[in-house]
Structure formats: C-alpha cells, structure tokens
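A.B. asks: Mind looking at a prediction? Sequence and model below.
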Amino acid sequence: MKIVDIKVRNFLTTSRQVKDSDGHSHPGERHKVRQSLLSIVADDGSEGHCFAPPEVVRPHLINGFVRTVLIGEDPLARERLWQGLAHWQRGSTDQLTDRTLAAVELALWDLAGRRFGMPVYQMIGSYRDRVLAYGSTMCGDEMAGGLATPEDYARYAEWLVARGYKAIKLHTWMKPVSFAPDPRMDVKACAAVREAVGADFPLMLDAYHGYSRTDALWLGREIEKLGYAWYEEPMDEFSMSSYAWLAANLDIPVIGPESAHGKFHVRAEWVKAGACDILRTGVYDVGGIGPSLKIIHLAESFGMNCEVHGGGAGNLTLCAVQKNGRWYERGLLHPFLDYDQVPDHLNSIPDPMDEDGYVHLSTAPGLGEDINFDYINANLV
Ligand code: MG
C-alpha cells in the first residue's frame, strides 16, 4: 500500500460556542464556523480521516511538510511517518505543531482501522470497551443562570449527577471575567459543589493557569481539605520547578503536564523531577496516539496513573487501551448547552454516555467518528 493523496475539505458547520478574548469557550448564539476534514488516501482506495481546525491543516503545512513526508509511503508505517514529521518540526520555524502531527497520525490510524475492518482501540489491544466519564465544565462566566456564582456550579453539579456522571471537574473563573483570577472564589465554588454532591463523590479542579506559587499552594491546601481527587494546572507549566515544589508541599495529587511542550520527553522529565503525581497526555497535546501510548506506558512503568486530557474519538481510544487511567474527560459542559446534540457534520457523537456514566467505544472500523460526508460535501467553502 502507498499513500497517493492528502485531501483537506474545508466546510461550514453550526456551532453554539464562542471564544472569549483569552480563548476560553462559552455558550453563544447559533452561528456557522469553519472546520476541516483531513483525509489520507492510499492506492488501494483506503482512506483515513481526522477533523481539525482549518489553521492546523492549512496549505503551507500540508504541501510543505505532510505531503513531503507521506506521499509514496506505506500508510501502515505510522511510527516512521510520525518520526519523519517530528524531525521536520525543528526546521519548520515552529510552523509545524504537535496539533498537525496529531491530525495526520489520527488519520493514519483511521485508515488502518477502516482498511482492516476493526476499531482502532482493538487494533492497539483493548483493556476495556467502556470507560467512566467525568463531566468537565466550561470556565466560569458572568451569565445569569450560567456558571457565574458558586451556587451556579453547585446547581449544575446536581444536574450532572442526575445525568449519570460519576465525577466532575470544575474549570473556575479565568480572565477576562471581571473578578478573575481569585483563589478565594475558586474555593467557594469547590466548597459549594462538594456540599451539593456529598463527601464521597470524586471532584477535581482545573484552576486559573497562572497563579503564583503562594496562591497555588493556598488553593491546593483548601481543596485538599475538601477531599478533591486531583489538582490541575494552577501555574504556568513551563516552570517545572514550581510544580515539583507544589507537589512536595501538598498531599492532594498534582496532575500534569497538559500544555507544556515537549511530548514524551518533557513528561519523562516531570516524572524524574517529582513534578506530578498523575501524568497527563492527550492526542492533540503530544502529536497523536503513538506518542500518547509512550507516555501512558512511561507512567505505568513508574507505578503512576496517566489521565487523558480532552475528549473526542482519539482520546477515547487512549482511555480504552490503558489500565492506569480512570476517566474520560467529557465536555466542555455548560448549563446552556446540550452536549449530546449531534453536530451537523456527524451522524452521531463519538462519546455517547449511558445513565450510569459510562462512555462506550464505537464498534465501527477506524477511530469511531461517524462522519456525515453528505453534509460536508454539500457545505464546502
Ligand atoms: Mg486542563
């Protein structure tokens, strides 16, 4: 088999999410947004697909790097092709990011799964075919009845429990919210949710990502008292020493890194430095499924759990092939949005959750995205 074409379809789909000036998503009016579908085509007619934001698969990247590395090559040689792209990153003057590597690598997995008629998680070797989800809230806002007060979080937590979630992670208030960041408000929200869901319900906090060491330590000690299950990214992750210091001063498990660049290399450094108690990876953070597997296995080798960051078919696949992780991150969730609503460009969502809080893996060949090709082809731009 040889790769003969790389296609990018840009299309319009409907969204009810808007981004604030710091890039956080919030509910908004229905509007059209651009989305892209990357497709890799082999000479036997096999195809693999991955959705991506348009800038991640823009022509400069596809023509300059992806085609250069992939055309004429065996699509099953995922590791060699990934290494070829990773090698190009340094010479790309930071243009070729891990996000692009992830889109290409996920499309290669999807191609292989479709070619051999098997879900990707079964090709890798499954550990489970369903995984418990935690409800991951959007960042706080200032919308009446939204996520504007600690009481809003508490009320929404009760709704999430009734929906079936067996754990909840709060993203609290961040800039540009007028009163953010404020660790005292974070604690109020965490305490209100604890009060609402009871003492034994697993809760996590992903706080403002730029606190000082002293604010981060104070906040960590407060949610430790509230029995929170993990403490995520309260400081800039580029300072690994700050996390080693924080983890040494807290009993609550510190989880990370999520946004620090450097794939498995930087995560090995975090483990060595004692900068986290639970490791973190996500397909879009480190360049795909292959590099994430290296990180999951690295964590397992050190007796650590590795929790998967973010949702979608690729991240759900990771959750299905690991023993040393407990949750799938489902979201981002908000009282004004219906997460279970199927987007125009899909026939069904990739992460359906039952009333017991389990997300079930798709048995369809490939990554499990149920793509509505008719809609996409009718809405090209
Ligand atoms: Mg996070």
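C.D. replies: Now that the structure is in, tell me what you want to look at.
A.B. asks: Find the nearest non-adjacent residue to P335, please.
C.D. replies: Y156 (5.1 Å; C-beta to C-beta, 6 or more residues apart in numbering). Bear in mind the C-beta positions are built from the backbone N, C-alpha and C, glycine included.
A.B. asks: From the contact counts, what lies against the helix or strand hosting A244?
C.D. replies: According to DSSP states H and E, A244 maps onto helix 240-249. In this structure, helix 240-249 makes packing contacts with helix 213-225, strand 254-255, helix 263-273, judged by 3 or more C-beta pairs under 8 Å, 6 or more residues apart in numbering; DSSP states H and E.
A.B. asks: Any part of the second one near the ion?
C.D. replies: This means strand 254-255. No: using C-beta under 5 Å from the ion, we find that strand 254-255 stays clear of the ion, coming within 8.4 Å at best.
A.B. asks: Can you tell me what sits against that strand?
C.D. replies: Applying C-beta atoms under 8 Å, 6 or more residues apart in numbering, the contact partners of strand 254-255 are 204, 220, 230-233, 243, 246-247, 275-280, 307.
A.B. asks: ditto for stretch 85-103
C.D. replies: 38, 50-53, 56-57, 60-61, 64-66, 68-69, 82, 104, 261, 263, 283-288, 314.
A.B. asks: Do me a favour and average the pLDDT over the helix holding A244.
C.D. replies: Average pLDDT, helix 240-249: 98.
A.B. asks: Stretch 85-92 now?
C.D. replies: For stretch 85-92, the per-residue pLDDT averages 96.
A.B. asks: CA atoms only for it, dumped as CSV, please.
C.D. replies: This file holds the C-alpha atoms of stretch 85-92, laid out as CSV (Å, rounded to 0.1, in the frame of the first residue of the first chain):
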residue,chain,number,x,y,z
LEU,A,85,7.1,14.8,10.6
ALA,A,86,8.6,15.3,14.1
HIS,A,87,12.0,15.6,12.6
TRP,A,88,10.7,18.4,10.3
GLN,A,89,9.3,20.4,13.3
ARG,A,90,12.6,22.0,14.2
GLY,A,91,13.2,23.1,10.6
SER,A,92,9.7,24.4,10.2
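A.B. asks: and the end-to-end length of stretch 163-178?
C.D. replies: 31 Å (C-alpha to C-alpha, to the nearest Å).
A.B. asks: Sounds good, over and out.
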